[in-house]
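Visitor: Fold the following, please.
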Amino acid sequence: MFRHLLMNILLPFAFSIMVFVLGICIGKKKSLKKTGLVVFLAIAVVLAWGWSLVWAIGLPDPLKLLWWTSLIVAASGLPTGIAFASLRQKKWIACVPTAAFFIYMLFSFGLACVSARKPEVPTGPYFRVLTYNVNWGGPMPELAVKAIKDCDADIVCLQETNPQWEKLLRDSLAGEYPYMKFRRSGGAGGQGFLSRLPMKEIDYITEKAGWFPAWIVEVDTPAGTVQFMNVHLRPPLSERGGVSLSALSSTKDIRLQEVKDIHPRLDENVPAIIIGDFNENMSGSASRWLNKKGLKDALVEFDPYGKTWQWKTSFGTFSGSFDHIFYTPHLYCLEAGVVREGASDHFPVTAVFQSREKNSLKDDE
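Guide: Purely as a prediction, here's the structure:
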């Protein structure tokens, strides 16, 4: 919790003070004529307050506030400082926009902390599920095997498996998981299911907008029959696999179309979990669409700031919440969280469920 406070409030606040002082220095510059100062201030407003407003409007759900959004808000200290130095009277007016954004951030962070659910003890038959993108390149696979064992899940949904991963997992985990299914798809498109319970394949969907298939199996869990849809949505990459701003923008529509294509393949009368690597954060278009369809994201409920993916570069470590466990109203989630184990760029994510019927009285309160 302290780490989230540091990243979302303290560091952006310290950064805003620095750029505020810089803005005051710029605003007092004798060399800047009045017209030039107005133009400079206008540009600073668009770059700072303007971007802050866009993010605030684009992320109405407080739980979707990300730390880099806070830094954008903190950048508004620059026009604040310029305006503060330029005004002769009522200097406090210059601080109003930035103060308003920081109040919004504090409110959002506080609401997220309050609204995050606490883990609950099962009141009836339950099962634990795990999703894990193991990384098809296979870095230190023995750590992935250990992570899966430590999670102690009843059903494991894997992405980016390949023949080498299949052999390793069958050799290492056959004792824990007597039921295994693997499907191969070129490159990073392989998937796998490991289960302690019998399962049967319902559908394997290749005719969709993205690169990778979706796979549905049905398992008779202690909480009843449940459909598990294992997904790996389109990464934010170009057609050639490169990183670009255009790919970052355009692929969100592809992921949205993917979930629209695969969601109808589920039996609406049977409890279902859509699980896997969504390649987008909690505020992504595919995630929002599933929310509108009545599915809840278990990780958002219990750990709204949990990061499931990280990538270390020479510029720093980038992270995001790309792995999700969505579930239909038939089920009741008791706990969910990120397990920071393994050597993949993704971390395992687990959740525990029981039948909604066992919690009907609690839901009515």
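Visitor: for the stretch 51-200 of the chain, what spans make up the strands?
Guide: In order along the chain, the stretch 51-200 of the chain carries the following strands (DSSP state E, counting those that start in this stretch): 126-133, 155-161, 179-183, 190-195, 199-205.
Visitor: what does the stretch 201-350 of the chain give?
Guide: With strands called from DSSP E, counting those that start in this stretch, the stretch 201-350 of the chain shows them at 214-221, 224-232, 272-277, 296-297, 309-313, 316-320, 323-327, 331-338, 349-355.
Visitor: Surely residue 345 and residue 307 touch.
Guide: No - assessed by C-beta atoms under 8 Å, residue 345 is found out of contact with residue 307, at 11.3 Å. C-beta: built from backbone N, CA, C; applies to glycine.
Visitor: for the strands of the stretch 51-200 of the chain, which one ends up most surrounded?
Guide: Comparing the strands of the stretch 51-200 of the chain by mean neighbour count (mean count of other C-beta atoms under 10 Å), strand 155-161 ranks first with a mean of 26.
Visitor: send the alpha carbons of it over as PDB?
Guide: What follows is strand 155-161 as a C-alpha-only set of coordinates in PDB (Å, rounded to 0.1, in the frame of the first residue of the first chain):
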ATOM      1  CA  ILE A 155      -7.400 -25.200 -12.800                       C
ATOM      2  CA  VAL A 156      -4.500 -23.600 -14.500                       C
ATOM      3  CA  CYS A 157      -4.800 -21.600 -17.700                       C
ATOM      4  CA  LEU A 158      -1.600 -21.000 -19.600                       C
ATOM      5  CA  GLN A 159      -0.700 -18.800 -22.500                       C
ATOM      6  CA  GLU A 160       2.400 -18.800 -24.900                       C
ATOM      7  CA  THR A 161       3.100 -22.500 -24.400                       C
END
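Visitor: that older thread, is it possible to export the strands of the stretch 51-200 of the chain to JSON lines including distance to residue 145 and mean pLDDT?
Guide: Formatted as JSON lines, these follow (distance: least, C-beta to C-beta, whole Å; pLDDT from 0 to 100):
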{"stretch": "strand 126-133", "distance to residue 145": "11", "mean pLDDT": "98"}
{"stretch": "strand 155-161", "distance to residue 145": "11", "mean pLDDT": "97"}
{"stretch": "strand 179-183", "distance to residue 145": "13", "mean pLDDT": "97"}
{"stretch": "strand 190-195", "distance to residue 145": "11", "mean pLDDT": "97"}
{"stretch": "strand 199-205", "distance to residue 145": "21", "mean pLDDT": "97"}
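Visitor: Can you say which of those strands is nearest to residue 77?
Guide: In terms of C-beta to C-beta, the element of these nearest to residue 77 is strand 126-133, at 38.0 Å.
Visitor: and the angle from the closest one to strand 323-327?
Guide: Counting by axes from the mean of the first three to the mean of the last three C-alpha atoms, to 10 degrees, strand 126-133 lies at 150 degrees to strand 323-327.
Visitor: Strand 126-133 pairs with which strands?
Guide: strand 155-161 (parallel), strand 349-355 (antiparallel) (DSSP bridges).
Visitor: Tell me which of the ones you listed lies nearest to residue 87.
Guide: Checking those against residue 87 by C-beta to C-beta gives strand 349-355 as the closest, at 49.9 Å.
Visitor: Tell me the buried residues in stretch 13-33?
Guide: 13, 15-16, 19-20, 23-24, 26-27, 32 (16 or more other C-beta atoms under 10 Å).
Visitor: Same check on stretch 344-361?
Guide: If you call a residue buried by 16+ other C-beta under 10 Å, then stretch 344-361 has these buried ones: 344-356, 358-359.
Visitor: Residue 197: neighbouring residues, count only.
Guide: 15 (other C-beta atoms under 10 Å).
Visitor: which residues does it contact?
Guide: Contacts for residue 197 (C-beta atoms under 8 Å, 6 or more residues apart in numbering) come out as 127, 154-155, 179, 219-221.
Visitor: redo that, cut-off 10 Å
Guide: Contacts for residue 197 (C-beta atoms under 10 Å, 6 or more residues apart in numbering) come out as 127, 154-155, 177-179, 219-222, 226.
Visitor: Just the buried ones from those residues?
Guide: So, by 16+ other C-beta under 10 Å, the buried ones in those are 127, 154-155, 177, 179, 219, 221, 226.
Visitor: Farthest-apart pair in those, please.
Guide: The distance between the two most remote of the buried ones among the contacts of residue 197 (C-beta to C-beta) is 16.7 Å, for 177 and 226.
Visitor: where's residue 86 relative to residue 225, distance?
Guide: 68 Å (C-beta to C-beta, to the nearest Å).
Visitor: between the two, who's got more neighbours?
Guide: It is residue 86, of residue 86 and residue 225, that has more neighbours when counted by other C-beta under 10 Å, with 19 against 12.
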